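**Q** I would like the atomic coordinates for the input below:
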Amino acid sequence: MRLNKYGNRRVRADNYVFDSQAEWRRYQDLTLMQRAGLITDLVVHPWWCLVVNGQAICKYVADFQYQENGRDVIEDVKGVRTPAYRIKKALMLACYGISIAEVEA
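**A** Purely as a prediction, here's the structure:
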């Protein structure tokens, strides 16, 4: 597979396409954590439609969503925080009250 503009190499595994090797490694960690019972309800690439004043603005796709200690966690593996990502992160908080947990790549 060819590199993307940020130098990441996509990984195909378990019927998913991960944008980077770091995201794939985090997926492996989370699946082990789920098997050990530390987290539950792991979802890969969940998405939300971001709507402001009845107008659909864009879609946000997270890397992972899961339950940890009864709390819903939305997680993104980040190497580069693009301006588009920063806007979507702010919209997720404003529209849904969801704070995105960032994991360093």
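
**Q** List the buried residues in stretch 32-44.
**A** 39, 44 (16 or more other C-beta atoms under 10 Å). (Glycine included, C-beta is placed from N, CA and C.)

**Q** ranges for the helices of the chain?
**A** 21-35, 83-96 (DSSP state H).

**Q** Go through those helices and name the closest to residue 48.
**A** helix 83-96 (6.5 Å; C-beta to C-beta).

**Q** if we can go back for a sec, just name the most buried of the helices of the chain.
**A** Highest mean neighbour count of these: helix 21-35, a mean of 16 (counted as mean count of other C-beta atoms under 10 Å).

**Q** Any chance of the backbone angles for the residue nearest the centre of the chain?
**A** In the chain, the residue lying closest to the centroid (C-alpha atoms, centre = their mean) is residue 63, at 2.1 Å. Dihedral pair for residue 63: phi -80, psi -50, per degrees, to the nearest 10.

**Q** Isn't it up against residue 45?
**A** Yes. At 6.9 Å, residue 63 and residue 45 qualify as touching, with contact defined as C-beta atoms under 8 Å.

**Q** What residues sit buried inside stretch 45-54?
**A** In terms of neighbour count (16+ other C-beta under 10 Å), stretch 45-54 has its buried residues at 48, 50.

**Q** Contacts for the helix or strand bottoming out on mean pLDDT in the chain, please.
**A** Within the chain, no helix or strand scores below strand 11-13, which has a mean of 88 by mean pLDDT, DSSP states H and E. Strand 11-13 is contacted by residues 1, 17-18, 20-21, 23-24, 27 when judged by C-beta atoms under 8 Å, 6 or more residues apart in numbering.

**Q** Please identify which of the residues you listed is nearest to residue 8.
**A** Nearest to residue 8 among these, with distances taken as C-beta to C-beta, is residue 20, at 3.8 Å.
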